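Asks: Predicted model, plus sequence, below.
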Amino acid sequence: MIYLDNAATTKPTEKVIAHCESILRDDFYNPSALYYPAIQVKTEIEEARKAVAEKLKCTSNEIVFTSGATEANNWAINCGFKNKKGNIIISEGEHPSVFEPAMALKGKGADVRIAPLCKNGTIDCDKLFGLIDENTSLISIMHVSNETGAVNPVAEIAKRAKQINKKIIFHSDGVQAFCKIPTDIGPSAIDLYSISAHKIGGLKGVGALYIADNINIASMILGGGQEKRLRSGTENVMGILTFKDAVEDFNDASVKPLFEYAIDCLSKIDKVKVNSFMENSGGYIISAGIYGVKSEVLQHLLNDDGVLVGLGSACSSKVKKSRVLEAMNVDKAYIDGNIRISFCPQNTLEEVQAAMNIIASNVQKLRSKING
Ligand code: PMP
């Protein structure tokens with residue numbers, strides 16, 4: 001199988017897989033216990049925290065481990081929106097784990113404002129700044145789109161937003177950015193930043209929320225007081241310790257040639273609309289609309305031929321239409337035929353070459369069937 005759905009999840013790296021077994025055998029202790037082997041596990045958790053913090057250019061005490069980015073995003077939206085007063089701003093491009101909690105707040109009467117997208121999938125900054133007023137208490141804008149790979153200059157947006165209203169708490173969903181493009185979050189005006197391990201070769205069920213030192217947000221889960229009393233629950237030791245392996249091993253240099261090659265091939269197919277652009281993409285995600293085909297049908301044919309690709313966002317594949325592509329004003333016919341191809345550093349050019357040939361021939365096959 002040629003796996004090109006890495007924005008949905010990545011295969012754990014060999015180092016992560018090998019480490020899992022030794023953690024299960026030797027590091028099973030409860031990190032809160034006070035005997036030496038447990039203290040050793042706690043020390044290793046702190047080393048993992050340090051590795052994550054280094055990537056975000058922040059201090060270790062600003063990292064709180066969570067069960068993943070969905071939890072981190074829900075936490076940021078619900079607890080960052082202090083006292084449920086004022087208004088909150090998100091964008092049309094947000095992942096459901098930001099969009100849905102914001103909509104739930106709206107359902108309870110909160111003033112939720114939604115910034116539109118530009119045609120290239122980035123946030124329309126002028127419109128976003130126009131939504132801010134003295135009552136805005138939280139803004140959440142994703143760093144890299146999981147659907148198109150579009151990159152938002154979130155550090156700059158946070159800085160300018162705070163020039164309009166300095167009390168704003170600024171959150172960004174950094175899941176598709178972490179380890180893939182520079183994420184100097186610590187020195188920036190960003191207050192909260194969500195990340196996830198399974199998008200970079202780590203395990204599912206572990207992530208983190210960066211909480212800037214000067215920000216007080218309410219605890220996510222109450223209980224035994226782990227994670228500085230902010231997020232109780234016995235730590236996911238295997239997930240956290242292997243998060244460090246994944247961060248240290250991630251090599252972000254290798255996907256650009258794959259991206260360029262794939263874009264070149266897709267552009268040669270008649271009536272294909274590529275929604276991802278090198279100038280604003282980290283190079284990991286390609287969204288392409290193929291006119292006249294149904295993406296689910298194409299996905300099945302590709303699966304049969306050994307190529308796995310995504311459809312828009314895997315997390316929302318139960319929802320038919322793509323809110324994000326609609327917000328970018330993509331034609332419905334192209335949305336219906338939209339596939340998402342996403343890379344990881346382990347993908348090879350040979351794999352991508354083979355996949356592109358298979359995609360081109362299946363598109364031709366489908367179109368010739370439709371045209372009789
Ligand atoms: N945000 C984005 C942009 C994502 O791509 C994902 C994963 N699909 C999430 C949040 C949710 O992350 P997790 O799977 O760790 O809950």
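Replies: That came through, no problem. Residues are numbered from 1 along each chain as shown.

Asks: What residues sit buried inside stretch 131-144?
Replies: 131-132, 136-144 (16 or more other CB atoms under 10 Å). Every C-beta, even on glycine, is put in place using the N, C-alpha and C of the backbone.

Asks: Run through those and flag the ones next to the ligand.
Replies: Among the buried residues of stretch 131-144, the ones lying near the ligand by CB under 6 Å from any ligand atom are residue 142.

Asks: now, which of the buried residues of stretch 131-144 lie within helices?
Replies: Members of the buried residues of stretch 131-144 lying in helices (criterion: DSSP state H): residue 131.

Asks: now the buried residues of stretch 131-144 as CSV including pLDDT and distance to residue 177?
Replies: Written out in CSV, the entries for the buried residues of stretch 131-144 read as follows (pLDDT from 0 to 100; distance: CB to CB, whole Å):
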residue, pLDDT, distance to residue 177
131, 98, 23
132, 98, 23
136, 95, 23
137, 94, 24
138, 95, 20
139, 97, 17
140, 98, 14
141, 98, 12
142, 98, 8
143, 98, 4
144, 97, 4
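
Asks: just the buried residues of stretch 131-144 now: which is nearest the ligand?
Replies: Relative to the ligand, the closest of the buried residues of stretch 131-144 is residue 142; by CB to the nearest ligand atom it sits at 5.8 Å.

Asks: Please export the C-alpha coordinates of stretch 159-176 as PDB.
Replies: These are the backbone C-alpha positions of stretch 159-176, laid out as PDB (Å, rounded to 0.1, in the frame of the first residue of the first chain):
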ATOM      1  CA  LYS A 159       0.400  40.600  17.400                       C
ATOM      2  CA  ARG A 160      -1.900  42.800  15.300                       C
ATOM      3  CA  ALA A 161      -5.100  41.500  17.000                       C
ATOM      4  CA  LYS A 162      -3.600  42.500  20.400                       C
ATOM      5  CA  GLN A 163      -2.700  45.900  19.000                       C
ATOM      6  CA  ILE A 164      -6.500  46.300  18.500                       C
ATOM      7  CA  ASN A 165      -7.400  44.800  21.900                       C
ATOM      8  CA  LYS A 166      -4.600  43.800  24.300                       C
ATOM      9  CA  LYS A 167      -6.800  41.700  26.500                       C
ATOM     10  CA  ILE A 168      -7.500  39.100  23.800                       C
ATOM     11  CA  ILE A 169      -6.400  35.500  24.400                       C
ATOM     12  CA  PHE A 170      -5.100  34.100  21.100                       C
ATOM     13  CA  HIS A 171      -5.300  30.400  20.400                       C
ATOM     14  CA  SER A 172      -4.000  28.500  17.400                       C
ATOM     15  CA  ASP A 173      -4.500  24.900  16.300                       C
ATOM     16  CA  GLY A 174      -0.900  23.900  15.400                       C
ATOM     17  CA  VAL A 175      -1.600  20.300  14.700                       C
ATOM     18  CA  GLN A 176      -0.600  20.300  11.000                       C
END
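
Asks: Show me what from the protein comes close to the ligand.
Replies: Residues of the chain lying close to the ligand by CB under 6 Å from any ligand atom are 68-70, 73, 95, 97, 142, 146, 173, 175-176, 196, 207, 315.

Asks: Among these, which pair sits farthest apart?
Replies: Between any two of the residues of the chain next to the ligand, the greatest separation by CB to CB is 15.4 Å, found for 68 and 142.

Asks: which stretch of helix or strand covers the residue most central in space within the chain?
Replies: The central residue of the chain, meaning the one whose C-alpha is nearest the mean C-alpha position (CA atoms, centre = their mean), is residue 175 at 2.8 Å. Using DSSP states H and E, residue 175 maps to neither a helix nor a strand.

Asks: Also residue 288?
Replies: Counting by DSSP H and E, residue 288 is part of strand 285-290.

Asks: Partner strands of that strand and their direction?
Replies: Strand 285-290 has the following sheet partners, assigned by DSSP bridges: strand 272-274 (antiparallel), strand 338-342 (antiparallel).

Asks: Do me a favour and average the pLDDT over that strand.
Replies: For strand 285-290, mean pLDDT rounds to 96.

Asks: can you give me the helices for this structure?
Replies: Remark: helices assigned in the chain by DSSP H are 14-26, 36-56, 69-80, 96-107, 125-131, 154-164, 237-249, 256-268, 295-304, 323-327, 332-336, 349-370.

Asks: From residue 146, how far out is the residue of the stretch 151-300 of the chain at minimum distance from the ligand?
Replies: Closest to the ligand within the stretch 151-300 of the chain is residue 196: 3.3 Å, counting by CB to the nearest ligand atom. Residue 196 sits 10 Å away from residue 146, going by CB to CB, to the nearest Å.

Asks: again with residue 306
Replies: Distance, residue 306 to residue 146, by CB to CB: 24 Å.

Asks: same thing with residue 70?
Replies: Relative to residue 146, residue 70 is positioned 12 Å away (CB to CB).
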